[in-house]
Each structure stands twice: as C-alpha cells, then as structure tokens.
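S.K.: Structure, please.
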Amino acid sequence: MKKSKILLSVIFACILTVAAGCKGANQETEAAPTTVDGGEHIAVNGVDGTKAGEVIDDGYEYIGDAALDGAAFDGKEEATGENALYNSPDLPTIQPEVGLLTAGQWTDNDNWGFFSNLVNSDIISFPSYGIDPRDRTLVNVKTADGKPVVNAKVNLLDDEKNVLWSAVTDKQGRGFLFAQNGKAAASVEVECGGKKQSVSVERKNGGTQGDQLAGGTELDVTIEAESTIYKPMDIMFIVDATGSMSDEMRFLQKEFTAITNEIGTDNVRYSVNFYRDEVDDYVTKCNDFTSDARMLQASLNAELAMGGGDTPEAVAEALEKSVFESSWNNESVKLAFLIFDAPPHDGTEEEILKAVPAASEKGIRFIPIVSSNSERETELFGRALSIVTGGTYVFLTDDSGIGDSHLEPIIGSYEVRSLYDIIIDIINDYRQG
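M.R.: All right, here's what the predicted structure looks like:
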C-alpha cells in the first residue's frame, strides 16, 4: 500500500501547507460532519457549522477532509471524527512560501558513461514499463560551418527502412534515438527545411548484448539547412492527484502563479492535467493549453489530492491523454512536467509504448519530478522517460526538512536547490527565442 503523506504533512507541513498538528489523546475532541445550508460543515467542541479555514474553540482550525479517523503518529493522536483534519495551536506554523521545497536535477543523456556503467554493473536495469533507454543513438546535426541545426526531425531506421524511433533536435542540434525490443538500427535519416540526409549506423561493441548496454552510437550529420527557431512554448504540468500527493498539489497551488509570472504568457501557453486511478471518481482530468493563467490557477485551487490506495496509479492513461488529446503547437518548444510519486500499473506497457515514442516524435520533453515516499521503480521509470524524450530528471530531497523522506537516486554528484528555481531554469534552458 502507498504510504500516505497527508498525515505527515499535518506535522511537518510540506511547502504548500500550513504545519498541522493534532490534539493529544487526553484532549476531548468531537468532529462530526453535519450539513448546514446545503454545505458540509463540522461540529467540534459544540461549535457547529465550521467552514474550512475557520478558527474554532482553542484555536483549532478545520483545514479539510483528508485524514483517517484515529490515525496516530509521532506520539500524537489524530482528532476524532470522520475524515477531519485540524491545525494545532501547539505546533509551529510554517506559512507556504515560494522556494522552500528542495530538489536535485540529473540528466542521464549528459552523463551517458555514468549511466552505462550503472547498467553494465547491474546496479540498475531496464526496460521500465516497456521503455528501454539502453540502446541509444546520439545524432549531432550541424551545418558545414559547425552550427547546430535546431528542430530538425531525426529518424532511426532498420535495414528495411522501418522507423524505430523519431525525435526532434534540441538547441544543441542533438537528437536522441532508441532501438527497442532488440531491434537493430541500420541508419539515421535527418529532415530539415525540405532537405534530407542519411547516415549508416555502426554499433560500438556490437550493440546490446542481453541485459548489457555495451556502448551505443554517436553520429555527426551535416546538412545544409537553416535551423527553425521556435519562439512559442507549450508548458504542461501532469499531476498525480491521489491522496499521497497533497503536499505536491499544494506546491502547485501556491507556486503556479509565481512560475507563470516569472516565465510570462507572451508566446507561452500552459496546461494542467490531473490523474488518479481506476477506482477513483476520475481517472484523468485534463485542461487544454491556454495563456489564461488565472483560469488554470482556479482549476488548480479547486483540486483535492485524494483517492489512490495501492501504489501504482493511472500514469499510462495520463500520458496517453496528455500526448494525444492536447492541442500541442507543432512549432513550439514542448515541456511536460510529470509530478508523481508512484509508477504505472503493470500491464500498461502497450499504452506507454504508444504515448512515449509519439511524444519524442512531437518533440515533447518529459521532465519527471519524483516526490516523497517513492520507490526505486518510480525513479527508473522517471529516468527512462526523461532519457528517451530528451528531457531531464528532477527529484525532491530531504534538505528542506519538510514532508516525508525522499528516495536518494542512484546518480552522481548534484547540487541541492529550490524546486522553484530548478523549474524556472529548466524552462529557460529549453527556451529558444
């Protein structure tokens, strides 16, 4: 079962919450939901009709239906009542502020030797839910004078000219291509400005051998075509909205406006998509791209983190909806931040292997942000997703002292920074104009 972060968020107050506590077991507390004027309220210590955010007797504040009755932690007992959660005046309050949550960033495509050694030493293994990032062909597309060709389409082909993988070159003119399911790559085709150039692929060290990475291939392709610079940006946030994600949900609710204010809406569109699981009141809830940041902020503020239960969630369904049913601008820089703490369900590999290669072909860069209480399979899925789409991997850390513990990823040295700053820098790093 997935460990819930909601209860601990009451004690430690993740960045987006007010630090919450609970009445001790020796204090008499009654919290029974009742209906007043058609809305759900509560009765506590004889005070009826209390609304969320309202202070009641002894300074306790009702902050939402979120915790389980009688749940005990850290020597304290949750206030009794049906799913009632309270802020305790006995514990310090941490007001939500931009930049408190800490994180690290790692890009395996920039550290390919490190990644290869991990795989070849059997420290980490792939595929992960169908995605296999091991057999990589890196294509550097340049003009004759050495300038990178940006937004060129690159295809990895087998000996019968079937497309194995497609990508769009980044600001450095790099395209990342991946052979899947043991299929052998024979050539790379580059298309830009109506011109095409093909180059044969020769595998180093004989290509993959069993579960071993055994190298990979890097190719330089020269093509006389001008780069197409994309000034528009499409920025999407895909958010796990199950119960264990309450702190991350409040992060977005608090900081989304700060992000949009910093990045702006000039030539920039935003989207926020939510997902839960099959047993919940919805599986996916999507908002198409818009420059109306206020409208998306209202959607964020209205969303509750609840549901879930088992560890896997509807990640595959969320990826499919986000890739295929959103109005991505063909001529835009495309970033998709996946904020999650659990992997997809087993048996969803087919759906994932439809959505992820399609994302790479469209030039959608996935940036997973792995949250607290995640396990190693979540890390590896996130890293595979970022590798094959030319994105980067982000993970929350314990350095803030806020929230539950965070898994230390199997990577090299990294700098701990605020998650807000990392998101802003990632957006600016990918921005082209």
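S.K.: got a pLDDT number for residue 5?
M.R.: Looking at residue 5, its pLDDT reads 38.
S.K.: cool, and residue 55?
M.R.: What the model reports for residue 55 is a pLDDT of 39.
S.K.: For residue 118, give its distance to residue 394.
M.R.: 18 Å (Cβ to Cβ, to the nearest Å). All C-beta spots, glycine's among them, are computed from the backbone N, C-alpha and C.
S.K.: Name the residue in the two with the higher neighbour count.
M.R.: Taking neighbours as other Cβ atoms under 10 Å, residue 118 and residue 394 compare with residue 394 leading, 23 against 19.
S.K.: Please determine how far the more buried one is located from residue 240.
M.R.: 14 Å.
S.K.: cool, residue 351 as well?
M.R.: Distance of residue 351 to residue 240, computed by Cβ to Cβ: 17 Å.
S.K.: In terms of neighbours, single out the busier of the two.
M.R.: Using other Cβ under 10 Å as the criterion, residue 351 and residue 240 rank with residue 240 on top: 25 against 19.
S.K.: Can you tell me who that one pairs with across the strands?
M.R.: residue 275 (DSSP bridges).
S.K.: Not counting sequence-adjacent ones, nearest residue to residue 263?
M.R.: residue 427 (5.6 Å; Cβ to Cβ, 6 or more residues apart in numbering).
S.K.: do residue 376 as well
M.R.: Per Cβ to Cβ, 6+ apart, closest to residue 376 is residue 407, 7.0 Å.
S.K.: again, but for residue 114
M.R.: Using Cβ to Cβ, 6+ apart, the nearest residue to residue 114 is residue 412, at 5.5 Å.
S.K.: Contacts only, for that neighbour.
M.R.: The contact partners of residue 412, by Cβ atoms under 8 Å, 6 or more residues apart in numbering, come to 106, 111, 114.
S.K.: I'd like the distance between it and residue 322.
M.R.: Counting by Cβ to Cβ, the separation of residue 412 from residue 322 is 30 Å.
S.K.: now do residue 145
M.R.: For residue 145 relative to residue 322 (Cβ to Cβ), the value is 38 Å.
S.K.: Which one of the two is surrounded by more residues?
M.R.: Using other Cβ under 10 Å as the criterion, residue 145 and residue 322 rank with residue 322 on top: 24 against 7.
S.K.: Which ones among the contacts of residue 412 lie within helices?
M.R.: Taking DSSP state H, the ones among the contacts of residue 412 that sit in helices are residue 114.
S.K.: Just the buried ones among the contacts of residue 412, please.
M.R.: Burial by neighbour count, 16 or more other Cβ atoms under 10 Å: within the contacts of residue 412 this picks out residue 106.
S.K.: Tabulate the contacts of residue 412 (JSON lines), appending distance to residue 181.
M.R.: What follows is these, written out as JSON lines (distance: Cβ to Cβ, whole Å):
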{"residue": "106", "distance to residue 181": "26"}
{"residue": "111", "distance to residue 181": "25"}
{"residue": "114", "distance to residue 181": "25"}
